[in-house]
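Asker: Show me the folded form of this:
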Amino acid sequence: MSPEFHLFIIWSNARHEEEKILADIKSRFQLLETIEIKWSSDLFHKNMCRFYGLDFRANGMDLKRRGNAPFLLVLVKDLSPKYETCLTSSGYSHININMLNSKERYRTWAGDPFVIHSTVTPVESRHNLAMLLGISVDDYLLTYNPDKTSQGNYRVIEQELIGEKPWASREQVFYILNETLSYVMLRDYKTHPKDLGRESDIDLLVDESSLHAASYILNATKEFDAVLNTYMFNVIIKKESIPFHLHSYQYIPAKWLLNILKTKIKGKSGTFIPAIKDQFFLLVYQLYFLKLSVKAKYHRILEELSTEIYGDSQPKIFDVYLDKTKKFLHDKNYQSFNSFYERQSTDIYYDLAKDHLSYLQLSDLTAYKVDLWKADKGAKFFLAKTKTGQKVFIKFLFNGSKKVKKEFELLSFFNGKHPDLFPAPHSYATSAHGYQFLITEFIEGEYLSKDIWGSLNQTKKIKLLKSLESLLIAFSESGFIHRDLDPSNILITQNSKVYIIDYEYMIDTREVVIKKESYVDSDLTTLYLLGEPNNQAPLEWNDYHSIISIFDLIDPSFKSTFPEFYNKMNGLKQLPHNTYIENKNDQKFLKNRIKNRIHLIAKKVKPLSEKIKRKLQA
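Answerer: Below is the predicted model of the structure:
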């Protein structure tokens with residue numbers, strides 16, 4: 001393989017080992033340059049969030065462990081890169097194991113996994129360098145010219161991440177986007193960046209993960225534009241606020257979008273644009289299917305593209321363009337839409353899952369429980385087979401952050417202690433686009449409901465309740481609280497065995513298996529509504545109470561029919577816990593703050609959900 005540019009960061013709390021680490025780096029890689037970088041103390045937290053693309057409000061300990069003093073950026077070339085599919089902190093990924101092994105070695109020397117960072121793919125290297133120094137890898141290598149510069153050059157700089165100050169120009173914004181974001185321009189294919197946005201918004205087509213990353217890269221707040229069904233970012237360029245609209249799977253068929261991003265080209269203006277045929281079909285698609293206003297300039301653009309693709313023989317009328325576009329969508333098996341809002345297709349997520357799970361060597365992928373798929377970017381479910389023929393269950397999340405890793409660790413812990421009560425974990429994975437996959441043993445069953453409960457005889461009901469009791473006690477004895485018990489999280493097999501699933505919001509009150517920073521809640525509205533209607537009260541959770549509440553709802557005679565179980569659940573207590581909130585000691589303040597936030601949501605969202613209605617009435 002060709003040599004690759006990569007980088008290491010030695011955060012300040014690891015600098016006691018920097019001489020040893022730098023000596024090892026020199027022995028394994030071509031050392032290009034070592035740069036000491038100082039971030040201002042009041043912006044250090046923000047810089048870290050933007051660099052990692054994570055909200056560290058919920059992971060304050062991570063920041064403290066890295067340190068906030070000046071750190072070392074070490075730029076290297078790996079002359080003989082080696083790639084393997086490995087299990088990392090983000091799941092299974094195809095990465096440069098030379099960089100991974102070195103990073104793990106230096107973390108061991110420093111005594112903490114948080115104090116050393118390294119890139120493991122060229123995509124990550126381009127992003128990191130652009131954010132830290134505001135320069136592309138190609139331009140850095142051209143300027144630095146390592147073949148003519150002595151190794152080990154050392155310099156000290158004091159600067160924040162790129163974009164912290166207002167962007168200098170549109171050209172600068174797109175120079176950085178070219179290194180950090182997977183995008184193409186929409187419509188303004190030939191417009192130079194310096195002229196973009198002067199008369200209208202800037203429109204980009206991106207994949208789902210880029211919607212999350214863009215906020216950190218552009219240093220702009222993400223807002224949903226309900227009118228255009230897209231996300232808007234107001235980017236400060238000099239003293240001017242320029243709206244950037246980012247469109248994704250809600251805009252065009254997912255398979256087509258992914259192919260557009262794979263086959264994109266760099267236009268003469270320096271921005272990424274779709275390939276010529278995609279430019280033509282995409283513009284027709286926007287004008288017809290998405291009902292955009294048809295301006296004269298768009299007709300001129302279509303005429304030019306038609307001539308470039310088909311020559312002068314084709315009639316230059318919109319109906320001909322439309323017929324060609326419909327045929328293109330049909331031939332490529334891209335789902336076409338007659339409505340702007342028809343987006344929740346099983347095929348979209350099936351194709352995404354299939355594309356991103358190929359390196360795990362899973363086969364026979366099929367959609368599962370589609371009726372329970374959560375809308376928009378919520379969880380989607382699939383089944384597949386491993387190389388050994390084992391049937392596995394797949395939970396697919398968009399930008400699941402640490403949720404998938406946490407669920408995998410919890411399942412590993414519980415299955416290790418009680419293999420008869422919990423499904424066996426298989427693996428977890430993160431794709432290059434940020435999609436998250438949790439893969440476990442498949443348990444065939446139905447979710448608890450009034451009908452399922454009613455279909456069981458007395459013997460099976462008693463067996464089910466005993467199984468459920470064992471599960472809850474297993475949680476409680478180890479110091480865990482599920483917090484989100486709901487009929488859809490209780491799985492019942494044909495022989496009345498019970499499994500409790502979905503550990504996204506579970507907490508470890510003793511912080512033995514999972515530390516507090518891995519489950520704290522930064523979304524206060526979600527926290528306030530969590531566990532409804534089965535929790536004791538907002539911000540108060542008791543799994544025993546939740547189970548009684550669930551059965552009271554599905555069986556009004558439950559208390560009198562099963563008094564022993566009912567009384568036992570009511571008598572059991574769980575360990576107290578402190579849920580991380582911005583003002584721990586003032587519940588009234590927090591509740592009022594969340595209520596105000598829900599009122600703001602209510603003004604924007606129609607019709608109101610039942611949960612929000614209850615909160616407004618409380």
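Asker: number of nearby residues for the nearest residue to residue 545 once chain neighbours are set aside?
Answerer: For residue 545, ignoring the flanking residues on the chain, the nearest one in space by C-beta to C-beta, 6 or more residues apart in numbering is residue 536 at 5.2 Å. Bear in mind the C-beta positions are built from the backbone N, C-alpha and C, glycine included. Each residue near residue 536 was counted by other C-beta atoms under 10 Å, and the total is 12.
Asker: Same check on residue 271?
Answerer: Using other C-beta under 10 Å, the number of residues around residue 271 comes to 27.
Asker: Would you mind measuring from it to residue 173?
Answerer: Counting by C-beta to C-beta, to the nearest Å, the gap from residue 271 to residue 173 is 10 Å.
Asker: Also residue 25?
Answerer: When distances are taken as C-beta to C-beta, residue 25 and residue 173 turn out to be 33 Å apart.
Asker: and what of residue 135?
Answerer: Distance from residue 135 to residue 173, by C-beta to C-beta: 14 Å.
Asker: Then residue 264?
Answerer: Distance check for residue 264 against residue 173: by C-beta to C-beta, it reads 18 Å.
Asker: ok, residue 95 touching residue 82?
Answerer: No: under the criterion of C-beta atoms under 8 Å, residue 95 makes no contact with residue 82, lying 9.8 Å away.
Asker: Name the residue in those two with the higher neighbour count.
Answerer: When residue 95 and residue 82 are compared for neighbours, residue 95 comes out ahead with 21 against 13, by other C-beta under 10 Å.
Asker: is it fair to say the more buried one lies in a strand?
Answerer: Yes: the assignment for residue 95, made by DSSP: H, G, I helix; E, B strand; the rest coil, places it in a strand.
Asker: coming back round to it: could you check which of residue 135 and residue 173 has the larger neighbour count?
Answerer: The residue with more neighbours, out of residue 135 and residue 173 and counting by other C-beta under 10 Å, is residue 173; that gives 24 against 18.
Asker: I figured the more buried one hits residue 218, correct?
Answerer: Yes: if you go by C-beta under 8 Å, residue 173 and residue 218 touch, sitting 7.2 Å apart.
Asker: what is in contact with the two at once?
Answerer: Counting by C-beta atoms under 8 Å, 6 or more residues apart in numbering, the common neighbours of residue 173 and residue 218 are residue 235.
Asker: so where's the stretch 451-600 of the chain shaky on pLDDT?
Answerer: With pLDDT under 70 as the threshold, the stretch 451-600 of the chain has low-confidence stretches at 512-528, 573-600.
Asker: Strands along that one, start to end?
Answerer: Along the stretch 451-600 of the chain, the stretches classed as strands by DSSP state E, counting those that start in this stretch are 480-481, 490-492, 498-500, 507-508.
Asker: helices and strands around the third one, which ones?
Answerer: Applying 3 or more C-beta pairs under 8 Å, 6 or more residues apart in numbering; DSSP states H and E, one finds that strand 498-500 contacts helix 458-477, strand 490-492.
Asker: Could you do the second one as well?
Answerer: Secondary structure elements in contact with strand 490-492, counted by 3+ C-beta pairs under 8 Å, 6+ apart, are strand 446-447, strand 498-500.
Asker: Determine how far it lies from the middle of the whole chain.
Answerer: 27 Å (C-alpha atoms, centre = their mean, to the nearest Å).
Asker: One more: the first one?
Answerer: On the basis of C-alpha atoms, centre = their mean, strand 480-481 is displaced by 25 Å from the centre of the chain it belongs to.
Asker: same check, this time on the last one
Answerer: Using C-alpha atoms, centre = their mean, the distance from the centre of strand 507-508 to the centre of the chain it belongs to is 22 Å.
Asker: In terms of secondary structure, what does that strand contact?
Answerer: In terms of contacts (3+ C-beta pairs under 8 Å, 6+ apart), strand 507-508 is packed against strand 480-481.
Asker: Walk me through which strands the strand it packs on pairs with, and which way each runs.
Answerer: Taking DSSP bridges as the criterion, strand 480-481 pairs within the sheet with strand 507-508 (antiparallel).
Asker: So for stretch 34-51, first residue to last residue, what's the gap.
Answerer: According to C-alpha to C-alpha, to the nearest Å, stretch 34-51 extends 19 Å from its N-terminal end residue to its C-terminal end residue.
Asker: In this structure residue 33 contacts residue 144, no?
Answerer: Yes: under the criterion of C-beta under 8 Å, residue 33 lies in contact with residue 144, with a separation of 6.6 Å.
Asker: Neighbour count for those two, which is higher?
Answerer: residue 33 (18 against 15).
Asker: Confirm the more buried one sits in a helix?
Answerer: No: counting by three-state DSSP, residue 33 is located in no helix; its state is strand.
Asker: could you check the distance from it over to residue 303?
Answerer: In this structure, residue 33 and residue 303 are 51 Å apart, going by C-beta to C-beta.
Asker: Which of the helices and strands packed on strand 490-492 sits closest to residue 68?
Answerer: When these are ranked by distance to residue 68, counting by C-beta to C-beta, first place goes to strand 498-500 at 40.4 Å.
Asker: Give me the buried positions along the closest one.
Answerer: Across strand 498-500, burial judged by 16 or more other C-beta atoms under 10 Å covers 498, 499, 500.
Asker: Surely the last one is in contact with residue 483?
Answerer: No: with contact defined as C-beta under 8 Å, residue 500 does not reach residue 483; the gap is 11.7 Å.
Asker: and residue 137, what does it touch?
Answerer: Per C-beta under 8 Å, 6+ apart, neighbours of residue 137: 5, 122, 125, 126, 129, 179.
Asker: count of residues packed around the third one?
Answerer: Looking back up the chat, that one is residue 125. Tallying neighbours of residue 125 according to other C-beta under 10 Å, which is how burial is gauged here, yields 23.
Asker: do the same with the fifth one
Answerer: Neighbouring residues of residue 129 were enumerated by other C-beta under 10 Å; the total is 23.
Asker: Where does it sit: helix, strand or coil?
Answerer: Assigned with three-state DSSP, residue 129 falls in the helix class.
Asker: Now it: closest residue in space, sequence neighbours ignored.
Answerer: The shortest distance from residue 129 to any residue other than its chain neighbours is 5.7 Å, reached at residue 137 (C-beta to C-beta, 6+ apart).
Asker: Check that neighbour and give its pLDDT.
Answerer: Predicted confidence (pLDDT) for residue 137: 96.
Asker: My guess is residue 492 contacts residue 451. True?
Answerer: No: under the contact definition of C-beta under 8 Å, residue 492 does not touch residue 451, with a separation of 11.4 Å.
Asker: Cheers, nothing more for now.
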